[in-house]
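S.K.: next comes the sequence, and after it the predicted model I'd like to discuss.
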Amino acid sequence: MMETQTPKDFFEKALPARFKPEKSAGIDVVAQINVTGLEGGNWTVTIKDQKLQVTEGTHPSPSLTLKMNENDFMDMVNGKLSAEKAFFTGRVQFKGNLSVALKLRDAGFL
């Protein structure tokens, strides 16, 4: 797996390549991801009917919200920091249903 260099790169190239539609059956979620830092930004990831849609910007009422700094985000998407460790060490601010977030991981998202 090639290492992703920026959050934008992750959302535009890596995430669509990693997404596993067969593992996303039954997932209907709008996730807001806010990454702080020089290369950061805001992205909305929608998974519904086993399809992935990524848009830049913010959603008015997401079902999940993740906020983290760019370094931790890049470590997480490149496999250097587990989502669980990021959560339990306070590196990610999370709002929403944790069981849905765990399903997202199986679908290739986190």
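M.R.: All right, it came through fine.
S.K.: for the chain, which helix or strand comes out least confident on mean pLDDT?
M.R.: Within the chain, confidence by mean pLDDT, DSSP states H and E is lowest for helix 98-106 among all helices and strands, at a mean of 80.
S.K.: ok, for Met68, nearest residue in space, not its chain neighbours?
M.R.: Val92 (4.4 Å; C-beta to C-beta, 6 or more residues apart in numbering). For every residue, glycine as well, the C-beta is placed using N, CA and C.
S.K.: quick one: low-confidence parts of the protein?
M.R.: 1-2, 110 (pLDDT under 70).
S.K.: which residue ranges form the strands in it?
M.R.: Ranges of strands in the chain, per DSSP state E, are 29-36, 41-48, 51-56, 64-69, 92-96.
S.K.: just put these in TSV and tack on distance to Ser82.
M.R.: As requested, those are exported to TSV (distance: least, C-beta to C-beta, whole Å):
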stretch	distance to Ser82
strand 29-36	17
strand 41-48	19
strand 51-56	22
strand 64-69	13
strand 92-96	11
